[in-house]
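>>> Show me the folded form of this:
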Amino acid sequence: MTMALPAYRGLLRAASIAFRGDERVLSAARSSIREGFRANASLEPTNPEVPGAIKHAEEVAAILRQNIVQGKKDGERYKLRIHEETERGDNDTVKFPGGQTVKIDGKKCSDR
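Sure thing, here's the model as predicted:
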């Protein structure tokens, strides 16, 4: 229980960041979070499943904070709501399955 409450709060905060301004999706996310934690509420603190469930909640929170970007259509374009916690990477390389990497150079792609 000691670690479950911070994980629960962190997940709710992450959902608030990821879905800010979209009340319908935010409400659904909060409901889903509550249901998930209620499903595990009967677990004893010594149950070996507890650390895995807490870790899962922390990982989901990280994905919500860093990898979810909302877009809103504005005419013919979409405006993205990128916030300070959104993970940004460079687009110098693109990785393909099997470890193959391609270098992107202007308008051309070539093997490294």
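>>> Contact partners for residue 51?
Contact analysis of residue 51 by Cβ atoms under 8 Å, 6 or more residues apart in numbering lists residue 3. Every residue, glycine included, has its C-beta placed from N, CA and C.
>>> Also the one 10 residues further on?
Residues in contact with residue 61 (Cβ under 8 Å, 6+ apart) are 7, 10-11, 13-14.
>>> Type out the ChimeraX command that picks the buried ones from the residues you listed.
Of the contacts of residue 61, the buried ones can be selected in ChimeraX as follows, counting by 16 or more other Cβ atoms under 10 Å:
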select :7,10,11,14
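>>> which among the contacts of residue 61 gets closest to residue 30?
Distance to residue 30, by Cβ to Cβ, is smallest for residue 11 among the contacts of residue 61, at 9.4 Å.
>>> Now the closest one: which helix or strand?
When elements are assigned from DSSP states H and E, residue 11 belongs to helix 4-18.
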